[in-house]
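Asks: I would like the atomic coordinates for the input below:
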Amino acid sequence: MKYLVVIAAFAFSVAAIAPLRAQEEAGKVVLARVNERVITELDVNRLLGMTGERKRVESKYRGARLDEEMQGILRKALAVLIEETVIEINATLEGVKLDDTDRKRAESVMDENARKFGTRDNYELLLKESGLTVKDIKRTVTRLLLRQKYLQARLYVDTYVSPKEAREYYEKNKPSFARRKTVTYRQILVKFGGANRGRNAAIKLMDNIKDNLEKGADFGALAGQFSEGPMKDEGGLWPPVPPSDLRKNIADVIATLKGGDVSKTIEREGDLLLIKIEHKDDSPYVPFEQARADIVKILSGRKRENKYPELEKKFYARVEIELLHAADEVKALLPDCAQIKGQKKDNQEETSP
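Replies: As a prediction, this is how the structure comes out:
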């Protein structure tokens, strides 16, 4: 089951959850139990508010389709909370706890969220308007950090990716590392005409710049001093760009140069241009060394995914889950190894969350 909660980018839009037959006071209907821990309607409501799923569905669907889609996300949210509770119970049983470093990390996430809204007071006000509190967000963040810490510890085994494995993946999947050729260059631009200097004065200035280059002056330093075009403050340096993305007159000149070369003066309408090639990357693929970190992440992730079903059996063997609403539908979202019992009231229609 994959249902991601992005803690750094919460969407705050909470609407009333679909009506349920109350077993307790409004908002606290018990939807499921995991051992002795309960998951309520309010818990599901909070999750949907923080992920923005409710807002997404409400903006996309209407009528009967809206009801159908809403029931779907409610059941998924309940399944997510069950899974989180199962892992939290296992972490508790194995003595895995958050330490000071983890708590500081949680605080930094909270601070990052608050900064997006200007001040902490603004942040808290927006949460309140959405039916949430800082305590709600902090509880979610700490639960996610605990889950992450526990799973990383349990899934670390056998996730090492050897250089040979990484290289083999690179060679077999080389088309996925394809890229266009790029050039990195600097430029000095001198304007003339209109409110600027005359053409002859511009040519004289550019000739003076070229004389300084021949005497050993640094191109970047001269660009910072004399250039009147973009990237002046960066010494005229442009980021790597495919030559095909450049204007034809520039691309044609660059095609004749190699790394370290300086062009002749290029005259255009209203300016003179001088170009120095810093680097040409003609490789059609991202070099292995640059791609290696991403490859290791992919392969180690696959190893963790392959190991997870084995751990999942262990996780769910330690708990018993009781579904009080939509038992069959929610059960289908949980692993086959989960020990689940559903509950229906006699002479009552079962209500879905």
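Asks: Next up, identify which helix or strand E278 is on.
Replies: strand 271-281 (DSSP states H and E).
Asks: just how off-centre is that strand within its chain?
Replies: Counting by CA atoms, centre = their mean, to the nearest Å, strand 271-281 is centred 35 Å from the centre of its parent chain.
Asks: what packs against the next helix or strand after that strand?
Replies: Proceeding N to C from strand 271-281, the next assigned helix or strand is helix 288-317, under DSSP H and E. Judged by 3 or more CB pairs under 8 Å, 6 or more residues apart in numbering; DSSP states H and E, helix 288-317 is in contact with helix 63-93, helix 134-155, helix 163-172. (Glycine included, C-beta is placed from N, CA and C.)
Asks: Against which helices or strands is the first one packed?
Replies: Helix 63-93 makes packing contacts with strand 30-34, strand 37-40, helix 41-51, helix 53-60, helix 134-155, helix 288-317, helix 327-331 when contacts are defined by 3+ CB pairs under 8 Å, 6+ apart.
Asks: Now mean neighbour count, mean pLDDT and distance to N200 too, for the ones you listed, in CSV please.
Replies: As requested, these are exported to CSV (neighbours: other CB atoms under 10 Å; pLDDT from 0 to 100; distance: least, CB to CB, whole Å):
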stretch, mean neighbour count, mean pLDDT, distance to N200
strand 30-34, 22, 94, 82
strand 37-40, 18, 94, 81
helix 41-51, 23, 86, 65
helix 53-60, 16, 89, 62
helix 134-155, 17, 85, 66
helix 288-317, 15, 89, 47
helix 327-331, 18, 91, 81
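Asks: In the stretch 101-250 of the chain, where is pLDDT below threshold?
Replies: 156-158 (pLDDT under 70).
Asks: how does it look with 90?
Replies: Residue ranges of the stretch 101-250 of the chain with pLDDT under 90: 103, 105-144, 147-161, 179-181, 194-196, 230, 244, 247, 249.
Asks: And the strands in it?
Replies: Using DSSP state E, counting those that start in this stretch, the strands of the stretch 101-250 of the chain run over residues 182-191.
Asks: Test my guess that A114 contacts R120.
Replies: Yes. A114 sits in contact with R120 when judged by CB atoms under 8 Å, with a separation of 4.8 Å.
Asks: which of those two has more neighbours?
Replies: The neighbour count for A114 versus R120, taken as other CB atoms under 10 Å, is higher for A114 (19 against 14).
Asks: could I get the helices and strands packed on helix 288-317 as a markdown table with distance to N35?
Replies: What follows is those, written out as a markdown table (distance: least, CB to CB, whole Å):
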| stretch | distance to N35 |
| --- | --- |
| helix 63-93 | 6 |
| helix 134-155 | 16 |
| helix 163-172 | 40 |
